[in-house]
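Trainee: Make a model of this:
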Amino acid sequence: MILNGLNQTDDEKLFQKTMDILRGVLARPCNQPVTSQRVARNSAVLEGLAQKIKAHENQLAQMMVEQTHRPLSSCLVEIRRSIQTLEKARDAAHKLCEPRAYDFSDAIQGGHTSMSQRFTFAPLFAITPFNFPLNLTLHKIAPAIALGLPFVCKPPLQSLELFILINDWLVECGLESDSFAFYFASNEAVSRALDRLPAPLISFTGSRQVGFQLKQKYWDRRLILELGSTATAIVCQDVPKWELERLSQDLARSAFGNSGQSCVSLQHLVLENEVCDDFIAHLKHTASNFSRARDPKSAETIVGPLVGRAAFDKSLNLLNQALECGAQVWSAGEHNPVEHHLAPTLVVYPNTQARTLDQIRLTREEAFAPILCVHRVPPNTAQDKVQDIVQRFDSNIHASVFTYQSKRARQIYESLPCRTVLWNEIPSWRADEMPYGGLSLSWNDGRLQNAGLLGDEGPYQTMLELTVERLFVLP
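Mentor: Now for the predicted structure:
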């Protein structure tokens, strides 16, 4: 069902009525065994929804362009990925049904064998972001649907029309209308709702600030948090010059595509001096080409507007602060505050000294904008030095290394604090079935900076978070 709670903050009776409805959804039976029969029944819902999304691909893409002002090409890719997410969730659920046996025959207190089965844990309360509204929402609710879990989902407010369609299609595909709800409400209303609702399982994708607040406030609940990253790519000196132009185009698309509004869009580019000048020249040329098309409805547009004025102002503040600290700031065109359009921008750091890195806010803050920071390092820089530089970027989800030396690629993979290291592939590459989420934990002045270890995503990994393993010990 669709619940509109946008105007309920000051109306306690109306707010309480909405809470009663949501409480009814979350009070539905959970703690059920994950069996092949249940999964097969629920998989039919996912398959039906995938077929409907595929049949209305162009309609949904145009709708998303109107709602989010993202480029049409980005919306079309998201819709195709959404279909695959539904398919991978279906497959993952069947995998979860596979029985597992334990042999405790050598136990000190007498031997036994045991079988295990996974049981659903609790109803899901999901909060999803604006940048990929359909696919990232399906990453949370498709595993819940496959497992037969009731859920409440707070989608981005810009996407009301989209989720009215998704709501209707889910019901048409066989999902009981009182087993789920899309709750459109302000952040304040959602916070009040979580205080009142029996929601022991919360999944959130968004800013670190909000994620930390959830962690501190709801420490006694199970949290699945995806709080962003500043993805990094390292280009080593052995990359031949004839590769630089093509590689710069790929990395520019990773940094500036979808206006940089992705958790794994490239933000930090580490170049060894042997390739630095040529590479920067190629990046500027590609960025200038990207800046020519600005209309989100055009299939040629790569860099559209940012989500709003607040995001635009934040980006300008970050660029101005980097300029004050001695960085070179180059933009491929004029910025337009009225349209919230930030031209693709390069920030070339003055050096890689720790003091300079720490001074510039872009070192640690996720820009979530078409901003690419370039860092020069001397050739054959010691691996521990490169590792120290990248650790300062909080690249805890994805990082890339471009080299023809397999030994060095392996060393970088083993040393970087990232969930995924990609060899000769851009950091924004992602398969929807892969494990996804932050990995590293860091402390600054006694405060936790990254809560990436709280929960995991990817269809199969999400299902592990939504379930618990229970043993049946046999005589």
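Trainee: Every contact and neighbour count from this point should use C-alpha atoms.
Mentor: Will do.
Trainee: ok now do residue 136, which residues does it touch?
Mentor: 128, 129 (CA atoms under 8 Å, 6 or more residues apart in numbering).
Trainee: Quick one: mean pLDDT for the helix or strand containing it?
Mentor: Assessed by DSSP states H and E, residue 136 sits inside helix 133-147. Mean pLDDT, helix 133-147: 95.
Trainee: From the chain's centroid, how far away is it?
Mentor: Remark: helix 133-147 is offset 13 Å from the chain centroid, using CA atoms, centre = their mean, to the nearest Å.
Trainee: List every C-alpha atom in it, with coordinates, as PDB.
Mentor: Presented in PDB, the C-alpha positions along helix 133-147 are these (Å, rounded to 0.1, in the frame of the first residue of the first chain):
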ATOM      1  CA  PRO A 133      15.600   5.100  -6.600                       C
ATOM      2  CA  LEU A 134      14.300   1.900  -8.300                       C
ATOM      3  CA  ASN A 135      17.300  -0.400  -8.200                       C
ATOM      4  CA  LEU A 136      18.500   0.500  -4.700                       C
ATOM      5  CA  THR A 137      15.000   0.100  -3.300                       C
ATOM      6  CA  LEU A 138      14.700  -3.300  -5.000                       C
ATOM      7  CA  HIS A 139      18.100  -4.300  -3.500                       C
ATOM      8  CA  LYS A 140      16.300  -4.000  -0.100                       C
ATOM      9  CA  ILE A 141      12.800  -5.200  -0.700                       C
ATOM     10  CA  ALA A 142      13.300  -7.900  -3.300                       C
ATOM     11  CA  PRO A 143      15.100 -10.200  -0.800                       C
ATOM     12  CA  ALA A 144      12.300  -9.500   1.700                       C
ATOM     13  CA  ILE A 145       9.700 -10.400  -0.900                       C
ATOM     14  CA  ALA A 146      11.600 -13.600  -1.800                       C
ATOM     15  CA  LEU A 147      11.700 -14.600   1.900                       C
END
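Trainee: What residues sit buried inside the helix or strand hosting residue 468?
Mentor: Following DSSP H and E, the helix or strand that holds residue 468 is strand 467-474. Going by neighbour count (16 or more other CA atoms under 10 Å), the buried part of strand 467-474 is 467, 468.
Trainee: Kindly calculate the angle that it makes with helix 133-147.
Mentor: Orientation of strand 467-474 against helix 133-147 (axes from the mean of the first three to the mean of the last three CA atoms, to 10 degrees) gives an angle of 20 degrees.
Trainee: Can you give the distance of strand 467-474 from its chain's centre?
Mentor: 31 Å.
Trainee: Pull up the pairing partners for it, direction included.
Mentor: strand 112-120 (antiparallel) (DSSP bridges).
Trainee: Show me how this protein divides into domains.
Mentor: Following automatic domain parsing, one finds the domains of the chain at 2-227+455-474, 231-433.
Trainee: For the longest one, measure first residue to last.
Mentor: If I follow you right, that is domain 2-227+455-474. Using CA to CA, to the nearest Å, the end-to-end distance of domain 2-227+455-474 comes to 46 Å.
Trainee: How about the shortest one?
Mentor: Taking CA to CA, the first and last residues of domain 231-433 lie 19 Å apart.
Trainee: Give me the mean pLDDT for that domain.
Mentor: 89.
Trainee: Could I get the buried residue list for stretch 50-61?
Mentor: Buried residues in stretch 50-61, counted by 16+ other CA under 10 Å: 50, 52, 53, 57, 60, 61.
Trainee: what are the ranges of the helices in the stretch 251-400 of the chain?
Mentor: For the stretch 251-400 of the chain, the helices defined by DSSP state H, counting those that start in this stretch cover 273-290, 309-324, 354-359, 383-391.
Trainee: what's the closest of those to residue 189?
Mentor: For the helices of the stretch 251-400 of the chain, the distance to residue 189 is smallest for helix 309-324, at 20.8 Å, taking CA to CA.
Trainee: what sits up against that closest one?
Mentor: Helix 309-324 is contacted from outside by 306, 328-329, 337-338, 340-342, 347, 360-362, 367, 369, using CA under 8 Å, 6+ apart.
Trainee: Which single one of these is nearest to residue 432?
Mentor: Nearest to residue 432 among these, counting by CA to CA, is residue 369 at 22.5 Å.
Trainee: Can you get me a residue count around that closest one?
Mentor: Residue 369 is flanked by 30 other residues according to other CA atoms under 10 Å.
Trainee: And residue 217, by the same measure?
Mentor: That count, for residue 217 with other CA under 10 Å as the rule, works out to 11.
Trainee: separation between it and residue 183?
Mentor: For residue 217, the distance to residue 183 - CA to CA - is 21 Å.
Trainee: do the same with residue 53
Mentor: Residue 53 is 21 Å from residue 183, by CA to CA.
Trainee: Among the contacts of helix 309-324, which ones are in strands?
Mentor: Secondary structure defined by DSSP state E assigns 328, 329, 347 of those to strands.
Trainee: ok, for the first one, nearest residue in space, not its chain neighbours?
Mentor: In this case it means residue 328. Distances taken as CA to CA, 6 or more residues apart in numbering put residue 348 closest to residue 328, at 5.0 Å, once the chain neighbours are dropped.
Trainee: and the one you found, what are its bridge partners?
Mentor: Applying DSSP bridges, one finds that residue 348 bridges with residue 328, residue 374.
Trainee: Isn't it up against residue 373?
Mentor: Yes: counting by CA atoms under 8 Å, residue 373 is a contact partner of residue 348 at 5.8 Å.
Trainee: which one's the longest helix in the protein?
Mentor: Using DSSP state H, we find that the single longest helix of the chain is helix 72-96.
Trainee: Tell me what angle that one forms with strand 467-474.
Mentor: 10 degrees.
Trainee: What helices and strands are in contact with helix 72-96?
Mentor: If contacts are counted by 3 or more CA pairs under 8 Å, 6 or more residues apart in numbering; DSSP states H and E, helix 72-96 sits against helix 36-55, helix 57-68, helix 133-147, helix 459-466.
Trainee: Dump those into JSON lines; add distance to residue 267 as well.
Mentor: Formatted as JSON lines, the helices and strands packed on helix 72-96 follow (distance: least, CA to CA, whole Å):
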{"stretch": "helix 36-55", "distance to residue 267": "32"}
{"stretch": "helix 57-68", "distance to residue 267": "22"}
{"stretch": "helix 133-147", "distance to residue 267": "21"}
{"stretch": "helix 459-466", "distance to residue 267": "26"}
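Trainee: What's the separation between the residue of the chain most remote from its centre and residue 474?
Mentor: Distance from the C-alpha centroid of the chain, by CA atoms, centre = their mean, peaks at residue 110 (47.3 Å). Going from residue 110 to residue 474 by CA to CA gives 12 Å.
Trainee: ok, residue 289 - how many residues close by?
Mentor: Count around residue 289 with other CA under 10 Å applied: 13.
Trainee: quick one: contacts for it?
Mentor: By CA under 8 Å, 6+ apart, residue 289 has no neighbours at all.
Trainee: any idea how far the most centrally placed residue in the chain lies from residue 269?
Mentor: Nearest to the mean C-alpha position of the chain, counting by CA atoms, centre = their mean, stands residue 263 at 5.2 Å. Using CA to CA, we find residue 263 at a distance of 15 Å from residue 269.
Trainee: One more: residue 159?
Mentor: In terms of CA to CA, residue 159 sits 33 Å off from residue 269.
Trainee: more crowded one of these two?
Mentor: For residue 159 and residue 269, the more surrounded residue by other CA under 10 Å is residue 269, and the numbers stand at 23 against 18.
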